[in-house]
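A.B. asks: Kindly generate the corresponding structure for this input.
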Amino acid sequence: NKVFGYYIEITHANTEKVPSDYIRKQTMVNAERYITPELKDYEIVVLNAEEQILDTERHLFDALCKTLAQNAKALLDTARALAHLDVFLSLADVAVREGYARPKLTDDDRLLIRDGRHPVVERTLPDGTRYVPNDTHFDSMARIHIITGPNMSGKSTYIRQVAIITLMAQIGSFVPADEATIGMVDRIFARIGAQDEISAGYSTFMVEMVETARLLSGSTKRSLLILDEVGRGTSTYDGLAIARAVIEYIHNNPRLNCRTLFATHYHELIELPNILPRARNFNVAVSDDKDEIVFLHKVIPGGADLNLFKPATQSGRVQARARYFPEIDPVAPMAVCVARFAVVKAHRVLLRAWKIVAEKIPAARLVLVGDGLLLEENRADAAALGIQGSVVFAGRRHDVPELLRAADAGVLSSVGSEGFSRAVLEY
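C.D. replies: Coordinates of the predicted model:
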């Protein structure tokens, strides 16, 4: 009972049998309640037991802390040794199981990887699928790799695997490659993925630009940069301008000029190695097998081939041209310009250059593909130059891939006045 504590209850019918040392505590309607000195002592022990338990636990814990404090150095040294052993054992186990190689770390700025692999992706491939290894070569004259190629071809996986191999080498691990020489890096920066931070008021493009700015301001000559699709968060032309500006800044800034892997879909950037001596073009190989595109996942030197369609035979070209350009002699010289930039001035330079071609080859025709308003401007300029008869304004009624296949001389992409005139005159 919470008021009277422990007691012994005896009915009235049995009160005459109660021992003499029982002390009556409470009278009920049908019974009497008694206590004894022994029961009272037990009650005190039970009620004080919780407090005694806490005192005992505190005493034992204080004693344990004192013992640990006296042996703290030995315990910490043991824990540190076990942690190192656990890390090294795990890395060694993976290295043996997966066939990793011992990297060579140097103080120079080279980064050489032969047959490198992505340690995670190669483990998650379906059974029977072999991971395609790739080489990487950075030295003093090759600082920026511009990597082009179609979606799903492996550009992102490749640039990430280089960063992972570099990181693994510098933490003391063997690496997923046949051979690796890693010039020490001070930082690895990555600008990969597309996501917004609405809670912070950042759009996808703003997140991309903030991360890019942090990368450019925080990197040094010894850094490794991996950038994937910089500029895709905005319009095509603005994104291309941003991507080009980032590459040129990394290349020309004396504080940077660091090892950089730049994956992009802006194929116009493959012209940069012509003006940036330490930039190199690479692309992910693609095979055109029986009218099917097959990704080989192999990174090879050179820019991506924009025309991935199977080359047409001479008769096929004639048939395609007769179908899409009935106003042009099927066997006459023809050039196709896909007008990607609405730059009227650049197109006027193109038309002036084409006038020279038309005077030398009267049968030649220039096919312009672009926006309606832009083509109206071009049509007026062609009439002013007197070459309207040698220019075909296709608009957007034709499928661009078919236009590419129909062109005998390839594609002249509008990349600026100088590029226009040079391409046309070379043709």
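A.B. asks: Which parts of the stretch 101-250 of the chain are helices?
C.D. replies: For the stretch 101-250 of the chain, applying DSSP state H, counting those that start in this stretch gives helices covering 121-124, 155-170, 204-218, 236-252.
A.B. asks: Of those helices, flag the one that's most buried.
C.D. replies: helix 155-170 (a mean of 22; mean count of other CB atoms under 10 Å). Bear in mind the C-beta positions are built from the backbone N, C-alpha and C, glycine included.
A.B. asks: still on that earlier bit, of the helices of the stretch 101-250 of the chain, which approaches residue 300 most closely?
C.D. replies: Each of the helices of the stretch 101-250 of the chain has some distance to residue 300 by CB to CB; the shortest is helix 155-170, at 11.3 Å.
A.B. asks: thinking again about what came up before, same list (the helices of the stretch 101-250 of the chain) but as TSV, adding mean pLDDT.
C.D. replies: Shown next, in TSV, are these (pLDDT from 0 to 100):
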stretch	mean pLDDT
helix 121-124	92
helix 155-170	96
helix 204-218	91
helix 236-252	91
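A.B. asks: where does the stretch 251-400 of the chain dip in pLDDT?
C.D. replies: Residue ranges of the stretch 251-400 of the chain with pLDDT under 70: 288-292, 305-332, 334-347, 369-375, 394-400.
A.B. asks: For residue 116, see how far away residue 122 is.
C.D. replies: For residue 122, the distance to residue 116 equals 10 Å [CB to CB, to the nearest Å].
A.B. asks: and for these two, which residues touch both?
C.D. replies: Here residue 122 and residue 116 share the contacting residues residue 176, scored by CB atoms under 8 Å, 6 or more residues apart in numbering.
A.B. asks: returning to what we had before: tell me which of the helices of the stretch 101-250 of the chain sits nearest to residue 84.
C.D. replies: Of all those, helix 155-170 comes closest under CB to CB, at 16.1 Å.
A.B. asks: and the closest one, how far from the chain's centre?
C.D. replies: Centre-to-centre, helix 155-170 and its host chain are 11 Å apart (CA atoms, centre = their mean, to the nearest Å).
A.B. asks: Next: stretch 255-275.
C.D. replies: The answer for stretch 255-275 is 17 Å, by CA atoms, centre = their mean.
A.B. asks: going forward, begin numbering at 15 instead of 1
C.D. replies: With 15 as the first residue, the last one maps to stretch 269-289.
A.B. asks: I'd like the helices of the stretch 115-264 of the chain written out as TSV, with distance to residue 367 added.
C.D. replies: Putting these into TSV (distance: least, CB to CB, whole Å) gives the following:
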stretch	distance to residue 367
helix 135-138	47
helix 169-184	35
helix 218-232	36
helix 250-266	23
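A.B. asks: For residue 97, find the nearest of these.
C.D. replies: helix 169-184 (18.1 Å).
A.B. asks: can you dump the C-alpha coordinates of the closest one into PDB?
C.D. replies: Extracted in PDB, the C-alpha atoms of helix 169-184 (Å, rounded to 0.1, in the frame of the first residue of the first chain):
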ATOM      1  CA  LYS A 169      32.200  10.100 -70.600                       C
ATOM      2  CA  SER A 170      31.100  10.700 -67.000                       C
ATOM      3  CA  THR A 171      32.300   7.200 -65.900                       C
ATOM      4  CA  TYR A 172      35.700   7.800 -67.400                       C
ATOM      5  CA  ILE A 173      36.300  11.200 -65.800                       C
ATOM      6  CA  ARG A 174      35.200   9.900 -62.400                       C
ATOM      7  CA  GLN A 175      37.400   6.800 -62.600                       C
ATOM      8  CA  VAL A 176      40.400   9.000 -63.100                       C
ATOM      9  CA  ALA A 177      39.600  11.000 -60.000                       C
ATOM     10  CA  ILE A 178      38.900   7.900 -58.000                       C
ATOM     11  CA  ILE A 179      42.200   6.200 -59.100                       C
ATOM     12  CA  THR A 180      44.100   9.400 -58.100                       C
ATOM     13  CA  LEU A 181      42.400   9.500 -54.700                       C
ATOM     14  CA  MET A 182      43.000   5.800 -54.100                       C
ATOM     15  CA  ALA A 183      46.600   6.100 -54.900                       C
ATOM     16  CA  GLN A 184      47.100   9.000 -52.500                       C
END
